[in-house]
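K.L.:
Below: sequence and its predicted model.
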Amino acid sequence: MEQQKERLAKEAVKYVEEGMVVGLGSGSTVNWTLEKLAEEISRGLKIKGVPSSKKTEAYARKLGIPLTDFSKVDQLDVAIDGANEVDENFNLIKGGGGSLFREKMVGLASKNLLIIIENKKNVAQLGLPVPVEVVPYGWRLTAAGIEKTGGKVRIRKHNDKCFITDNGNYILDCSFGNLNDPYRTNQSLKLLVGVVETGLFVNMASTVIVGKGEKVETMAK
Ligand SMILES: O=C(CO)[C@H](O)[C@H](O)COP(=O)(O)O
């Protein structure tokens, strides 16, 4: 599995060119990408990274990847990120690591959102619980609102305490079963007071690289 993540990372860094501003996603697959990027940087590649989580920021700094402040750039050339599930239309479920808000911002700001996944995450229809970042204040009311839209809500815990995102919020993992219309599910969640952002990335990814055994397959929109 780690070898496959390394192969995906090698393929992903081929999209990074001299002078680019690069969105750095989050998660174990992206960590491999950070390592490959650091290798290229040590060979002379000049880029600037925009991290999508505090964990990614810390790891990128440790590896010596130059970072820039998100507020100082208008657009990113490419963002490389993982996902929990990807459907046939390149819609994604993200947020397994709880970084969905910053990942969505970074993805939105990028000309090319490149997703790297193992084959088992490549599905016909999204169906995993959707992580939803909510403001802690009044979160039970927000959860009740989500249940009214048909979702079964579980608050994410870490060491018996509520998981706290980089933005100081909670994550509600919301099961809807198979999503026939991810766009509509996302829209109805976004209308609820207390919802900061959802882990449904609809119509955002432009390139998906899938690890299949010892090979990688690239699909582009
Ligand atoms: O969305 C994410 C974090 O919020 C990750 O990209 C997603 O969970 C995939 O992680 P991994 O590469 O470790 O399987």
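P.N.:
Nice, I can see it. Just so it is clear, the structure is predicted and the values come from calculations on it, not from any experiment.

K.L.:
Now do the contacts for Ala124.
P.N.:
Asp87, Glu88 (Cβ atoms under 8 Å, 6 or more residues apart in numbering). For glycine as for every other residue, the C-beta is placed from the backbone atoms N, C-alpha and C.

K.L.:
Sorry, slip of the keys, the one I care about is Glu2.
P.N.:
Counting by Cβ under 8 Å, 6+ apart, Glu2 touches Trp32.

K.L.:
Would you list the phi and psi of it?
P.N.:
Backbone dihedrals for Glu2, given as degrees, to the nearest 10, come out at phi -60, psi -40.

K.L.:
Relative to Ile209, how far out is it?
P.N.:
Glu2 sits 16 Å away from Ile209, taking Cβ to Cβ, to the nearest Å as the criterion.

K.L.:
Would you list the strands that the top strand by length along the chain pairs with, along with their directions?
P.N.:
The single longest strand within the chain, with elements called by DSSP state E, is strand 110-118. Sheet pairing for strand 110-118, assigned by DSSP bridges, gives strand 76-81 (parallel), strand 207-212 (parallel).

K.L.:
element containing Glu133, please.
P.N.:
In this assignment (DSSP states H and E), Glu133 forms part of strand 130-134.

K.L.:
What residues of that strand count as buried?
P.N.:
Neighbour-count burial for strand 130-134 flags Val130, Pro131, Val132, Glu133, Val134 (criterion: 16 or more other Cβ atoms under 10 Å).

K.L.:
what about it, near the ligand?
P.N.:
No: taking Cβ under 6 Å from any ligand atom as the criterion, strand 130-134 and the ligand are apart, separated by no less than 7.4 Å.

K.L.:
ok, residues contacting that strand?
P.N.:
For strand 130-134, using Cβ under 8 Å, 6+ apart, the contacting residues are 93-96, 98, 100-101, 142-143, 146, 151, 156, 165, 167, 169-176, 179, 185, 189, 194-200.

K.L.:
Now do that strand: distance to the chain's middle.
P.N.:
Taking Cα atoms, centre = their mean, to the nearest Å, the mean C-alpha location of strand 130-134 is offset from the chain mean by 13 Å.
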